[in-house]
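Participant: with the sequence up front, the predicted model follows.
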Amino acid sequence: MSSTFLKNEYSSELFFRSVNGSKLKLIDKSTKAKNVMKFVLYKNIHLNVNTTFLLLLSTFVLWKAFNVLIPFILCILALILQFTCFITSVNKDTLIVVESVGVYTKGRRILYGLSSCEFIPWDTVVDIFINEVITGQKVLYYLTIIVKESFNGKDSIKLVPLFQELIPERKCLEYMYEKLAGLMGPKEEKHQF
């Protein structure tokens, strides 16, 4: 990589919370030219081994002492469920926006480093905004991209919410939105190449 490219890039780490209260780390890697934005959102997920081992040991003792198999089986099922949730949860989301190229999103799961990716071409991006969603008795916020689609000559609009698994707090989304709004504003303000 050329040294001029590295000089134009800066990186900053910010700490936020998710709506569930877990800690999130946002790494902002952007170029000074303001035509490439990269955000990486991390969530440190830990499997609480001590509590899991203590629960398993206590149910094993109860099973041996009272010869009751049901609590032991329920404990094993709960541990399997906890472990499955742990290995399938998302621990890293990446958003890369390159002006006149497109938007690339990637979510990495713990299990074998599997990831899900999506690319949105630049000419289909209409705008970006923070969407307010009411679910149950919670109000959630999503950074959302408005995408124009054409199918059989008919135009339609699609909303693409970002960071759906980690669900960062509103302050985190506002930080990213301020950086991206000028780059991904309405089409009338963008440079057409």
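Facilitator: Great, that's in hand.

Participant: got a list of what the nearest residue to residue 179 once chain neighbours are set aside touches?
Facilitator: The shortest distance from residue 179 to any non-neighbouring residue, by CB to CB, 6 or more residues apart in numbering, is to residue 37 (5.8 Å). Where C-beta positions appear, they are placed from N, C-alpha and C, glycine not excepted. Shown in contact with residue 37 (CB atoms under 8 Å, 6 or more residues apart in numbering): 30, 95-97, 179-180, 183.

Participant: partner strands of the lengthiest strand in the chain, with direction?
Facilitator: Determined from DSSP state E, the single longest strand within the chain is strand 138-151. With DSSP bridges as the test, strand 138-151 is paired with strand 125-135 (antiparallel), strand 154-162 (antiparallel).

Participant: ok, the residue nearest the centre of the chain to residue 117 distance?
Facilitator: Taking CA atoms, centre = their mean, the centroid of the chain lies closest to residue 163, which sits 3.1 Å from it. Applying CB to CB, to the nearest Å, the value for residue 163 to residue 117 is 14 Å.

Participant: what residues does the residue nearest to the residue nearest to the centre of the chain when sequence neighbours are not counted make contact with?
Facilitator: Distance criterion CB to CB, 6+ apart; nearest residue to residue 163, sequence neighbours excluded, is residue 93 at 5.1 Å. Counting by CB under 8 Å, 6+ apart, residue 93 touches 40-41, 105-108, 162-163, 165-166.

Participant: over to residue 26?
Facilitator: Residue 26 makes contact with 13-16, 39-42, 168, 172, 175-176, according to CB under 8 Å, 6+ apart.

Participant: now do the same contact list for the residue nearest to it when sequence neighbours are not counted.
Facilitator: What sits nearest to residue 26 in space, not counting adjacent residues and going by CB to CB, 6+ apart, is residue 14, at 4.6 Å. For residue 14, the contact set (CB under 8 Å, 6+ apart) comprises 25-28, 172, 175.

Participant: which of those residues fall within strands?
Facilitator: Filtering these for membership in strands, criterion DSSP E, returns 25-28.

Participant: for these, which two are the farthest from each other?
Facilitator: Spatial extent of the ones in strands among the contacts of residue 14 (CB to CB) is set by the pair 25 and 28 at 10.7 Å.

Participant: now for those two: what residues contact both?
Facilitator: Common neighbours of residue 25 and residue 28 (criterion: CB under 8 Å, 6+ apart): 13-14.

Participant: what's around the nearest residue to residue 121 once chain neighbours are set aside, how many residues?
Facilitator: Counting by CB to CB, 6+ apart, residue 102 is the residue found nearest to residue 121 once chain neighbours are left out, at 4.8 Å. As a burial measure, residue 102 scores 15 neighbours (other CB atoms under 10 Å).

Participant: state the distance from residue 102 to residue 145.
Facilitator: For residue 102, the distance to residue 145 - CB to CB - is 11 Å.

Participant: now do the shared contacts for those two.
Facilitator: Common neighbours of residue 102 and residue 145 (criterion: CB under 8 Å, 6+ apart): 120, 125.
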